[in-house]
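Novice: sequence? don't have it. structure:
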């Protein structure tokens with residue numbers, strides 16, 4: 001037995017002795033070549049084992065979202081250059097749609113060849129990045145202050161980078177609290193600017209469309225990570241989108257800030273209930289937790305109407 005590799009050579013003792021005798025310890029043609037024990041992958045795996053981190057199955061094959069972050073930076077930067085104040089509102093909207101489609105396609109192709117089949121976000125994996133681009137476009141269109149453009153672009157890039165990776169980890173079977181908080185934070189980052197703009201003073205049809213689109217995309221992402229059937233997920237997401245966009249009417253009676261806060265609480269509760277029910281894994285804890293948010297939102301909306 002080789003004490004360095006713990007591998008016992010096969011064959012007869014005579015054959016092994018003959019192989020060692022011809023060339024010493026390492027020069028015989030019959031001697032076994034030890035497996036390569038070096039390189040970045042080897043040392044990374046040894047470090048994970050030393051720390052007690054053992055990933056099995058599809059999770060072990062997931063890569064760091066470096067490509068996703070690069071795509072996010074490029075798309076978010078181009079969106080700043082193609083803001084409505086620079087190219088006009090119609091062309092700005094068209095360019096944002098093209099950017100969202102290109103980003104989704106790039107992420108989809110990359111994940112197709114880099115992610116294991118059980119952890120591929122699929123087409124729905126582009127829903128939250130698209131919502132993040134929508135939020136950035138809303139910020140860029142609503143302000144001339146350059147200091148606000150950088151945070152908007154940075155948030156969009158981070159969400160584009162993190163959302164597909166977090167979805168892939170969830171699809172691979174991970175369900176830790178930090179993973180859930182990360183997905184919730186990405187959704188809130190995408191919804192926040194849209195909710196503030198949707199409760200503003202712009203044209204009502206445009207504000208309603210923005211709210212419905214952002215709500216639909218974020219709920220589609222949540223349902224997909226819970227492995228909900230596609231058709232059911234689209235229907236549930238559409239229902240949530242309608243509920244959020246219609247709720248802006250009573251919410252606006254309490255002022256823009258209060259309205260945006262009420263709709264954020266309502267969206268979060270409805271999104272959580274949709275993900276729990278759409279994935280077919282109802283639990284009392286989930287219903288109670290997200291039901292509390294819906295109840296608080298209803299109380300806030302009722303209070304706004306009575307003012």
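Specialist: Everything's here; your move. The structure presented is a predicted model; accordingly, all values stated were derived computationally and were not measured. Numbering: from 1, shown residues only.
Novice: And the helices in the chain?
Specialist: 13-23, 40-50, 66-81, 84-87, 89-114, 127-142, 146-171, 177-198, 204-225, 230-251, 256-278, 284-306 (DSSP state H).
Novice: out of those, deepest packed?
Specialist: Most buried of those, by mean neighbour count (mean count of other Cβ atoms under 10 Å): helix 127-142, with a mean of 26. Bear in mind the C-beta positions are built from the backbone N, C-alpha and C, glycine included.
Novice: could the helices of the chain go into JSON lines alongside distance to residue 120 and mean pLDDT?
Specialist: Output for the helices of the chain, formatted as JSON lines (distance: least, Cβ to Cβ, whole Å; pLDDT from 0 to 100):
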{"stretch": "helix 13-23", "distance to residue 120": "47", "mean pLDDT": "43"}
{"stretch": "helix 40-50", "distance to residue 120": "22", "mean pLDDT": "52"}
{"stretch": "helix 66-81", "distance to residue 120": "13", "mean pLDDT": "88"}
{"stretch": "helix 84-87", "distance to residue 120": "35", "mean pLDDT": "82"}
{"stretch": "helix 89-114", "distance to residue 120": "5", "mean pLDDT": "85"}
{"stretch": "helix 127-142", "distance to residue 120": "14", "mean pLDDT": "87"}
{"stretch": "helix 146-171", "distance to residue 120": "7", "mean pLDDT": "83"}
{"stretch": "helix 177-198", "distance to residue 120": "17", "mean pLDDT": "87"}
{"stretch": "helix 204-225", "distance to residue 120": "11", "mean pLDDT": "90"}
{"stretch": "helix 230-251", "distance to residue 120": "14", "mean pLDDT": "92"}
{"stretch": "helix 256-278", "distance to residue 120": "19", "mean pLDDT": "91"}
{"stretch": "helix 284-306", "distance to residue 120": "25", "mean pLDDT": "89"}
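Novice: Out of those helices, which is closest to residue 121?
Specialist: helix 146-171 (4.4 Å; Cβ to Cβ).
Novice: Excluding its own residues, what touches stretch 277-290? List them.
Specialist: For stretch 277-290, the external contacting residues (Cβ atoms under 8 Å, 6 or more residues apart in numbering) are 223, 226-228, 232-233, 236, 268-273, 276.
Novice: Save those as CSV, and put in distance to residue 299 too.
Specialist: Converted to CSV, those look like this (distance: Cβ to Cβ, whole Å):
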residue, distance to residue 299
223, 26
226, 27
227, 33
228, 29
232, 29
233, 29
236, 24
268, 15
269, 12
270, 15
271, 18
272, 17
273, 17
276, 22
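Novice: Which single one of these is nearest to residue 142?
Specialist: Nearest to residue 142 among the contacts of stretch 277-290, counting by Cβ to Cβ, is residue 268 at 22.7 Å.
Novice: State the distance from the nearest residue to residue 243 once chain neighbours are set aside to residue 306.
Specialist: Counting by Cβ to Cβ, 6 or more residues apart in numbering, residue 270 is the residue found nearest to residue 243 once chain neighbours are left out, at 6.3 Å. Distance of residue 270 to residue 306, computed by Cβ to Cβ, to the nearest Å: 22 Å.
Novice: Equivalent analysis for residue 114, please.
Specialist: For residue 114, the distance to residue 306 equals 54 Å [Cβ to Cβ].
Novice: Check residue 113 too.
Specialist: Applying Cβ to Cβ, the value for residue 113 to residue 306 is 56 Å.
Novice: doesn't residue 169 make contact with residue 120?
Specialist: No - counting by Cβ atoms under 8 Å, residue 120 does not reach residue 169; the two are 12.0 Å apart.
Novice: just to revisit the earlier point, which of the contacts of stretch 277-290 sits closest to residue 199?
Specialist: residue 268 (15.8 Å).
Novice: Setting the sequence-adjacent residues aside, check what's closest to the closest one.
Specialist: Sequence neighbours aside, residue 293 is the residue nearest to residue 268 in space, at 5.3 Å (criterion: Cβ to Cβ, 6+ apart).
Novice: OK, contacts around the nearest residue to residue 126 once chain neighbours are set aside?
Specialist: Spatial nearest neighbour of residue 126, excluding adjacent residues (Cβ to Cβ, 6+ apart): residue 104 at 3.0 Å. Neighbouring residues of residue 104 by Cβ under 8 Å, 6+ apart: 123, 125, 126, 129, 130.
Novice: Turn those into CSV, columns for distance to residue 141.
Specialist: Compiled in CSV, these are given as follows (distance: Cβ to Cβ, whole Å):
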residue, distance to residue 141
123, 27
125, 26
126, 22
129, 19
130, 16
